[in-house]
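> here is the input, now give the coordinates:
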Amino acid sequence: MLILETVINRYLALDPEMLDKMAVFSGKVIKLDVVGLNKQLYLFPDARGVQVSMQYDGEPDTTCLLYTSPSPRDSCIHLVCRLLLE
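Numbers count the residues shown, from 1 in each chain. Model (predicted):
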């Protein structure tokens with residue numbers, strides 16, 4: 001997970017104020033449920049950035065879904081947009 005963690009933290013560092021904003025989430029655990037790959041990642045944000053892990057024994061503060069393929073809603077929106085443009 002070191003590569004993913006490095007990428008996230010380099011991206012966050014592009015905004016000089018972002019790490020100060022991240023400090024609010026210090027001590028929180030975010031579960032990232034990667035739908036389609038059946039994987040879970042746990043994010044541990046703080047004022048230094050984000051740590052990423054594939055395991056966490058406690059209960060996360062929140063869970064976010066990350067879709068690896070278009071969701072049915074995305075397909076519907078795409079169809080509506082395509083029909084409007086025709």
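
> can you check the pLDDT for the closest residue to Glu59 other than its chain neighbours?
Spatial nearest neighbour of Glu59, chain neighbours left out: Val29 (8.0 Å); criterion: C-beta to C-beta, 6 or more residues apart in numbering. Heads up, the C-betas are built off the backbone N, CA and C, glycines and all. Listed pLDDT for Val29 reads 96.

> ok, now the one 10 residues further on?
Reading off the per-residue confidence, Lys39 sits at a pLDDT of 89.

> quick revisit: so the residue nearest to Glu59 versus Gln51, what's the distance?
Using C-beta to C-beta, to the nearest Å, one gets 10 Å for the distance from Val29 to Gln51.

> same deal with Asp61?
14 Å.

> with neighbour numbers in mind, choose between these two.
Gln51 (14 against 11; other C-beta atoms under 10 Å).

> against Val7, how distant is that one?
For Gln51 relative to Val7 (C-beta to C-beta), the value is 13 Å.

> and for Ala47?
19 Å.

> what about the longest strand in the chain?
Identified as the longest strand of the chain according to DSSP state E is strand 39-46.

> and that one, how far from the chain's centre?
The chain centre lies 8 Å from the centre of strand 39-46; the measure is C-alpha atoms, centre = their mean, to the nearest Å.

> can you tell me which helices and strands it packs against?
Helices and strands touching strand 39-46, by 3 or more C-beta pairs under 8 Å, 6 or more residues apart in numbering; DSSP states H and E, are strand 30-35, strand 49-53.

> compare these and give me the one nearest Leu14.
strand 49-53 (11.9 Å; C-beta to C-beta).

> next secondary structure after the closest one?
strand 62-67 (DSSP states H and E).

> mean confidence for that following strand?
The model assigns strand 62-67 a mean pLDDT of 87.

> what's the answer for stretch 43-56, then?
For stretch 43-56, the per-residue pLDDT averages 94.

> for the nearest residue to Lys31 once chain neighbours are set aside, grab the count of nearby residues.
Nearest residue to Lys31 in three dimensions, chain neighbours excluded: Pro60, at 3.8 Å (C-beta to C-beta, 6+ apart). Neighbourhood size, Pro60 [other C-beta under 10 Å]: 17.
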